[in-house]
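Visitor: Prediction below, plus the sequence it came from.
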Amino acid sequence: MSGLVNVLVIGAVITAVVVRQCSARQISDDRRWWILPAILLVLSVREPGLVDPRHVPLSMAVLGAELTAGLMTGAGWGWTTRLWREADGSLWSKGTRATGFVWAGGLALRAALYGAAALMGMHQGSAALLSALAVTLAARGGVLMWRAARMDPAYGGSVGRMVSRPVWKDRV
């Protein structure tokens, strides 16, 4: 894929994710949350510019830092997202202000990494950004599904009580 196509894919994915994150949205409990991150990761690995061939050790270190930043951003995003079950058992999520701060911090860290790599003379293609985005989305999805699996069911199961929304849901 060309660099322009990668930029368009990255822009479309980020736009879709941010729009979906800013509004309350019903999510499913199924295990397909990993499909989009897997596709993005495959696209990034297929690209020849994932690692700069002139600066392999430094480029690998920057890529590792980029993936770590993506992992931390995705995990923070998953932990700061409001998650609740409605009375009918449906699972809902919505980003909070803290989610916005996590996003801003992740973007600032990535910009700093990109700037440091540029100062060292390394070329970073869109493949590194695609792989970091894949790790971010995978971490977010994993944290959300982990949190959802540990939530009380909507109708309380054997206890016989109904859980509708967490108390903290109405605060933001």
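Guide: Perfect, thanks for sending it. What you see is a predicted model, and the numbers here were worked out from it, not measured in a lab.
Visitor: what's next to the helix or strand bottoming out on mean pLDDT in the chain, contact-wise?
Guide: Averaged element by element with mean pLDDT, DSSP states H and E, the chain has its least confident helix or strand at helix 3-21 (a mean of 74). Helix 3-21 is contacted from outside by 1, 36, 40, 43, 47, 77, 81, 94-95, 99, 103, 125-127, 129-130, 133, 137, using Cβ atoms under 8 Å, 6 or more residues apart in numbering. Every residue, glycine included, has its C-beta placed from N, CA and C.
Visitor: which stretches of the protein form helices?
Guide: Remark: helices assigned in the chain by DSSP state H are 3-21, 35-46, 56-80, 97-119, 126-149.
Visitor: just so I know, which of the ones you listed lies nearest Asp88?
Guide: helix 126-149 (15.2 Å; Cβ to Cβ).
Visitor: Need the residue closest to the centroid of the protein.
Guide: Note on the chain: the residue nearest the mean C-alpha position is Leu137, at 2.8 Å, using Cα atoms, centre = their mean.
Visitor: I'd like to know how far it sits from Arg110.
Guide: 14 Å (Cβ to Cβ, to the nearest Å).
Visitor: Please identify the most buried of the helices of the chain.
Guide: Comparing the helices of the chain by mean neighbour count (mean count of other Cβ atoms under 10 Å), helix 126-149 ranks first with a mean of 21.
Visitor: Cool, thanks, talk later.
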